[in-house]
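Chemist: Fold the following, please.
(one chain, ligands or ions: 1)
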Amino acid sequence: MEQLIIQGGIPLVGEVTVSGAKNAALGILAASVMADEDVTIDNLPDVDDINMLLDAMESIGATVVRIDRHTVRINGKTIDRLVVDDVYMRKIRASYYFIGALLGKYRRAQVPVPGGCDIGQRPIDLHLKGFGALGAQVEILDGTLFAQAERLTGCHIYLDKVSVGATINVMMAACMADGLTVMENVAKEPHVVDVANFLNRLGAKIKGAGTDTIRIRGVEKLHGGDYSIIPDQIEAGTFMCAAAATRGDVMVKNVIPKHLEAIVAKLQDIGCEVLEFDDAVRVVSKARQRSTNVMTLPYPGFPTDLQPQMTVTLALAEGTSVVTESIFENRFRYVDELARMGCNIQVESGNVAIIRGAAQLRGAKLCAPDLRAGAALVIAGLAAQGYTTVEEIGYIKRGYEHFDEKLRELGAAIELVDSQRAVQKFKLKTG
Ligand code: EPZ
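Modeler: Sure thing, here's the model as predicted:
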């Protein structure tokens with residue numbers, strides 16, 4: 001079975017270039033089928049989640065032409081079925097974006113209900129509330145969600161909870177409804193703004209994305225166009241934490257510094273030097289860091305998708321830190337893995353981690369429980385003394401493009417191996 005093997009203790013030094021934002025690309029790809037003309041999208045991250053969503057789009061008849069690893073041309077004109085198969089929903093949760101896209105364009109959609117996952121229940125009640133408010137009949141039978149509407153009429157929607165997915169999904173349905181829709185208490189993440197900007201490029205009339213209120217004036221049709229995905233704020237933050245945890249000096253290129261304010265502030269809190277440039281940030285961390293406290297919040301707060309990576313960084317800091325996970329109810333499962341490396345972390349009431357910094361971590365055999373925790377375990381291995389292996393790296397490949405390759409370019413001793421023999425070979429080579 002494929003796994004990553006790491007010889008830790010090497011500070012990461014050099015430059016790394018961030019790929020396009022996975023969570024922007026997923027919404028944008030789903031939205032692209034709403035046009036009946038060619039839509040060309042570039043700066044796509046070459047990760048499994050994106051490739052699985054492209055397969056799901058082809059399965060409903062959309063024309064998908066892959067220009068290169070990072071560019072695709074889509075045409076929704078050839079869509080010939082409005083039913084998304086369960087196999088795709090099981091592979092990629094963001095298939096539920098097809099509800100908003102197909103309902104908005106065809107007034108009908110049939111999509112399997114997404115299950116929960118390792119980080120929490122992840123219900124979709126807010127999505128359904130939004131579709132219902134627009135006039136759609138939505139019912140769930142035997143695990144399949146049926147949505148249809150004679151017509152979709154603009155309305156006033158208040159989302160009880162800030163939800164990235166519900167904001168994107170309902171925004172898509174509303175952009176081809178009749179009249180004005182006002183959505184309140186929406187998510188403001190960069191990827192929400194990117195989907196809104198993309199839809200406007202195709203002729204939608206969306207205002208206010210990135211603020212608490214989005215106003216959408218429905219249009220009859222969307223036309224084709226070209227679009228480039230924004231850089232991935234979470235991938236950038238992951239490499240910034242890796243630089244901090246390994247006491248390295250890393251220039252993270254192709255970023256939008258504005259999107260990184262929360263992680264920059266926290267790394268500076270703990271003693272890292274962070275230099276900002278137009279489209280890059282440099283993290284320099286020579287000495288042992290100080291403790292701090294973190295609470296995950298909707299954007300512009302500290303991103304929940306960087307919580308595991310920050311927790312690992314704090315596991316090596318001097319003193320006691322507290323990390324509170326306020327978005328998902330079960331996002332500290334990876335802490336059990338870190339305990340095997342000598343981390344001293346107690347999780348209380350499921351969402352508060354008390355972290356007592358350790359002077360050093362020791363390498364161990366680890367298993368990734370989900371995407372971002374998988375990246376955090378790799379960071380822990382890079383910072384630890386000795387060898388670490390990380391299994392279940394399929395999670396990491398879902399959201400990080402060539403993660404091990406990019407880390408090797410920063411000087412890390414890390415390799416993708418699939419046999420004990422390869423593990424031994426790596427140990428001989430690096431021993
Ligand atoms: C998106 O998930 C991201 N995924 C997640 O990233 C990210 O962690 C999350 O937003 C928060 O930023 C994609 O964009 C594909 P939410 P999403 O709806 O949209 C509750 C990664 O690692 N909620 O903002 O599913 C929900 O349970 C992934 O790339 C409801 O109660 O997140 C959670 O507690 C992991 N009812 C909170 O809201 C709903 O109808 C925020 O969830 C919807 C959500």
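Chemist: Enumerate the residues of this protein near the ligand.
Modeler: Within the chain, the positions adjacent to the ligand are 23, 26, 94, 120-127, 161, 163-166, 187, 304-305, 327-328, 371-372, 399 by CB under 6 Å from any ligand atom. Just so you know, the C-beta spots here come from the backbone N, C-alpha and C atoms, and that holds for glycine as well.
Chemist: if you set the cut-off to 5 Å instead, what comes out?
Modeler: Residues of the chain found near the ligand, taking CB under 5 Å from any ligand atom as the criterion, are 23, 26, 94, 122-126, 161, 163-166, 304-305, 371-372.
Chemist: What about those, which are in helices?
Modeler: Judged by DSSP state H, the residues of the chain next to the ligand include 23, 26, 125, 126, 164, 165, 166, 371, 372 as members of helices.
Chemist: Restricted to buried residues, select those in PyMOL.
Modeler: Here is the PyMOL command that selects the buried residues among those (16 or more other CB atoms under 10 Å):
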select buried, resi 23+26+126+164+165+166+371+372
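Chemist: Export the ones in helices among the residues of the chain next to the ligand as TSV, with columns for pLDDT.
Modeler: Written out in TSV, the entries for those read as follows (pLDDT from 0 to 100):
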residue	pLDDT
23	97
26	98
125	95
126	97
164	98
165	97
166	98
371	95
372	97
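Chemist: So the nearest residue to residue 302 once chain neighbours are set aside, which state does it fall into?
Modeler: If you skip the residues right next to it in sequence, residue 302 has residue 262 as its closest partner in space, 4.4 Å away by CB to CB, 6 or more residues apart in numbering. When classified by DSSP: H, G, I helix; E, B strand; the rest coil, residue 262 comes out as helix.
Chemist: Return the residues in contact with residue 262.
Modeler: Residue 262 makes contacts with 300, 301, 302, 303, as judged by CB atoms under 8 Å, 6 or more residues apart in numbering.
Chemist: any idea how far it lies from the ligand?
Modeler: For residue 262, the distance to the ligand (CB to the nearest ligand atom, to the nearest Å) stands at 12 Å.
Chemist: In this protein, what residue comes closest to the ligand?
Modeler: For the chain and the ligand, the shortest gap (CB to the nearest ligand atom) falls at residue 165, measuring 2.7 Å.
Chemist: for this structure, what are the low-confidence residue spans?
Modeler: Low-confidence segments of the chain, defined by pLDDT under 70: 116.
Chemist: Give me the domain ranges for it.
Modeler: Taking automatic domain parsing as the reference, the chain has its domains at 3-19+231-430, 22-228.
Chemist: dump the residue contacts of the residue of the chain closest to the ligand.
Modeler: With CB under 8 Å, 6+ apart, residue 165 has these contacts: 94, 96, 97, 124, 127.
Chemist: element containing residue 353, please.
Modeler: Under the assignment given by DSSP states H and E, the secondary-structure element containing residue 353 is strand 352-356.
Chemist: got the buried residues for that strand?
Modeler: Judged by neighbour count (16+ other CB under 10 Å), strand 352-356 contains these buried residues: 353, 355.
Chemist: do the same with stretch 112-122
Modeler: Those would be 112, 113, 114, 118, 119, 120, 122, for stretch 112-122 by 16+ other CB under 10 Å.
Chemist: how close does the second one sit to residue 2?
Modeler: Here the criterion is CB to CB, to the nearest Å. By it, residue 113 lies 30 Å from residue 2.
Chemist: about what we covered before: can I get the buried ones among the contacts of residue 262 as something I can paste into ChimeraX?
Modeler: Here the buried members of the contacts of residue 262 are turned into a ChimeraX selection, burial being counted by 16+ other CB under 10 Å:
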select :301,302,303
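Chemist: can I get the contacts of residue 262 in a markdown table with secondary structure and distance to residue 88?
Modeler: Below are those laid out as a markdown table (DSSP: H, G, I helix; E, B strand; the rest coil; distance: CB to CB, whole Å):
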| residue | secondary structure | distance to residue 88 |
| --- | --- | --- |
| 300 | coil | 32 |
| 301 | coil | 32 |
| 302 | strand | 32 |
| 303 | coil | 26 |
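Chemist: Can you get me a residue count around residue 332?
Modeler: 24 (other CB atoms under 10 Å).
Chemist: pretty sure it is in a strand, no?
Modeler: No - inclusion of residue 332 in a strand is not indicated when three-state DSSP is applied; the result is coil.
Chemist: before we move on, what SS does the closest residue to it other than its chain neighbours have?
Modeler: Here the nearest residue to residue 332 in space, its sequence neighbours aside, is residue 347; by CB to CB, 6+ apart that works out to 4.6 Å. Secondary structure for residue 347, judged by three-state DSSP, is strand.
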